[in-house]
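Student: Generate a structure from the sequence data that follows.
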Amino acid sequence: MKAHVKSNAIVTTCGNTKIYSPFFRFNMFCTFLTSTIGPVELEEHYWRTNNWNKMAVWVHVLLFDVDGTLLHSGGAGRRALNEAFEEIFGIPEATKEINLNGLTDAIICKKMFQTHLKRNGTGEEYRGLLRRYVEFLEQAVDESETYTLMPGISALLEVLSNLPDVLLGLGTGNIELGARIKLERSGLNRYFSFGGFGCDAAERASLIEVGFRRGEEAVKTVQPGAKTVRWVIGDTWRDIEAGRACGARVVGVATGGEDRGTLEKAKPDYIFTNFSEPVQLISVLEEARVHLMKSNDLVNYLRS
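Tutor: I've put the predicted structure just below:
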């Protein structure tokens with residue numbers, strides 16, 4: 001599937017937000033669940049409280065990393081960066097010696113300059129490199145033979161996107177155009193109306209904070225007066241560290257460049273091998289709902 005990024009079908013600048021009615025999302029959620037897991041399981045997992053017919057007091061803002069968490073592009077990003085750098089500076093395979101796991105696009109570009117040109121690039125040089133990168137990336141993603149979604153992601157996002165007290169966003173080191181190209185091939189852009197991106201900040205914690213602020217502004221629009229709980233879902237220790245810095249609950253998933261043991265050392269709040277059973281993450285949110293309803297105290301919840 002070709003990703004037509006230059007059309008208006010994909011968000012093309014950092015921070016665009018499209019908001020859907022929480023009641024519409026909830027109705028679609030009920031339809032999806034009853035047709036897939038049945039009414040008994042629906043009652044068991046989602047109807048433990050009597051507050052579903054009310055606007056949520058708490059809204060859970062979930063920021064998902066892209067590479068290694070939602071999907072594997074089959075090296076498309078690396079190939080596109082290499083092609084762009086070679087075209088401009090004449091140096092092939094410029095990312096060969098760079099471990100890209102968890103790095104933002106800005107830091108990757110900086111490392112490429114330092115490694116091969118022995119200097120930092122100028123702002124214009126970085127912008128020019130990333131412009132060509134995006135152009136090469138469309139074709140690289142389209143032609144990638146090993147592009148794949150991580151286990152359970154499609155089902156998980158479908159359920160989460162229809163929960164009335166959940167708002168989905170992205171927290172990724174990709175510049176937004178790069179992230180949108182990667183997501184478009186598998187049709188995932190529709191789940192993410194906002195996010196924090198590599199074009200917002202070079203450091204991951206800073207871009208994650210931007211993403212949360214955008215999500216919290218969206219919450220004010222759809223559910224005025226609601227309080228928010230921050231969540232980061234990622235596959236590297238950098239995701240975990242950035243989430244912690246932003247006061248978020250952190251979920252590690254060992255589907256990317258780091259194994260479960262490495263992630264455990266970073267001490268996420270929750271850790272999964274993968275999301276092949278989406279109900280596991282849904283249960284984590286259910287646990288949070290119950291706790292918040294009982295205590296009505298976010299500070300105590302975050303400390304628990």
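Student: you'd agree residue 62 is in a strand?
Tutor: Yes - applying DSSP: H, G, I helix; E, B strand; the rest coil, one finds residue 62 inside a strand.
Student: contacting residues around it?
Tutor: Neighbouring residues of residue 62 by CB atoms under 8 Å, 6 or more residues apart in numbering: 160, 166-169, 231-233. For every residue, glycine as well, the C-beta is placed using N, CA and C.
Student: and with 6 Å instead?
Tutor: 168, 231 (CB atoms under 6 Å, 6 or more residues apart in numbering).
Student: where do the strands sit along the stretch 51-200 of the chain?
Tutor: Here the stretch 51-200 of the chain has its strands, by DSSP state E, counting those that start in this stretch, at 58-64, 71-72, 148-149, 166-171, 195-196.
Student: Now tabulate these in CSV and tack on mean pLDDT and distance to residue 270.
Tutor: Compiled in CSV, these are given as follows (pLDDT from 0 to 100; distance: least, CB to CB, whole Å):
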stretch, mean pLDDT, distance to residue 270
strand 58-64, 96, 12
strand 71-72, 98, 21
strand 148-149, 98, 21
strand 166-171, 97, 16
strand 195-196, 98, 21
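Student: deepest of these, which one?
Tutor: For the strands of the stretch 51-200 of the chain, the largest average neighbour count (mean count of other CB atoms under 10 Å) is found in strand 195-196, namely a mean of 30.
Student: OK, contacts around the most centrally placed residue in the chain?
Tutor: The residue lying closest to the centre of the chain (CA atoms, centre = their mean) is residue 64, at 2.2 Å. Contacts for residue 64 (CB under 6 Å, 6+ apart) come out as 70, 170, 233.
Student: If we use 10 Å, what do you get?
Tutor: 70, 153, 156-157, 160, 168-172, 188, 191-192, 195, 211, 231-234, 239, 251, 253 (CB atoms under 10 Å, 6 or more residues apart in numbering).
Student: which non-adjacent residue is nearest it?
Tutor: The spatially closest residue to residue 64, leaving aside those adjacent along the chain, is residue 233, at 4.9 Å (CB to CB, 6 or more residues apart in numbering).
Student: Look at that neighbour and give its secondary structure.
Tutor: Assigned by three-state DSSP, the conformation of residue 233 is strand.
Student: And this structure, what are its domain boundaries?
Tutor: 22-72+148-303, 76-143 (automatic domain parsing).
Student: worst average pLDDT in the ones you listed?
Tutor: Lowest mean pLDDT within the domains of the chain: domain 22-72+148-303, at a mean of 85.
Student: How far off centre is that domain?
Tutor: 8 Å (CA atoms, centre = their mean, to the nearest Å).
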